[in-house]
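Undergrad: coords below, sequence missing:
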């Protein structure tokens, strides 16, 4: 590893499997209104991600280097090259997140859970997937998809 690149996995006790697939379901609570994201009036230093099960992760804006949005606005990838991770978001109307992220005023992103949230309006931003991936896995899957090879995710989708 290059000394001038900070590896977030060696500094923080992050377990990708625990964040992406938590062992325990959230405790039962009454359903509440859903808000996909929270914007602040002040510039933020960190962006908080909360997945569908309630697990939270803070990543500093200083590490954020790229935003990749699909043409249908349903997939948004936030690449943190210096931290060697990618936050993968799936949902609807994710283009509304671009400007707040670029202005560094986006404070939090929340995944939608049908067990915890009331159904939002169809035109509002809905985040159905919040997943953390290592940079190496992200680019190896992208390369395999471009080459036409079946990845574990594409095999499951085609089954």
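TA: Yep, it's here. No experiment lies behind these values; they were computed from the predicted model shown. Residues are numbered from 1 along each chain as shown.

Undergrad: distance from the helix or strand encompassing residue 79 to the middle of the chain?
TA: Using DSSP states H and E, residue 79 sits in strand 75-80. Relative to its chain's centre, strand 75-80 lies at 7 Å (CA atoms, centre = their mean, to the nearest Å).

Undergrad: list of residues touching that strand?
TA: 8, 47, 59, 63-70, 86-90, 94, 97-98, 101, 135, 138 (CB atoms under 8 Å, 6 or more residues apart in numbering). Every residue, glycine included, has its C-beta placed from N, CA and C.

Undergrad: list the beta-bridge partners for residue 134.
TA: In this entry, residue 134 is beta-bridged to residue 85, by DSSP bridges.

Undergrad: surely it touches residue 87?
TA: No - between residue 134 and residue 87 there is no contact under CB atoms under 8 Å: 11.4 Å.

Undergrad: with neighbour numbers in mind, choose between those two.
TA: Using other CB atoms under 10 Å as the criterion, residue 134 and residue 87 rank with residue 87 on top: 21 against 17.

Undergrad: residues touching the more buried one, list them.
TA: 49, 59, 77-78, 80, 130-133 are the contacts of residue 87 under CB under 8 Å, 6+ apart.
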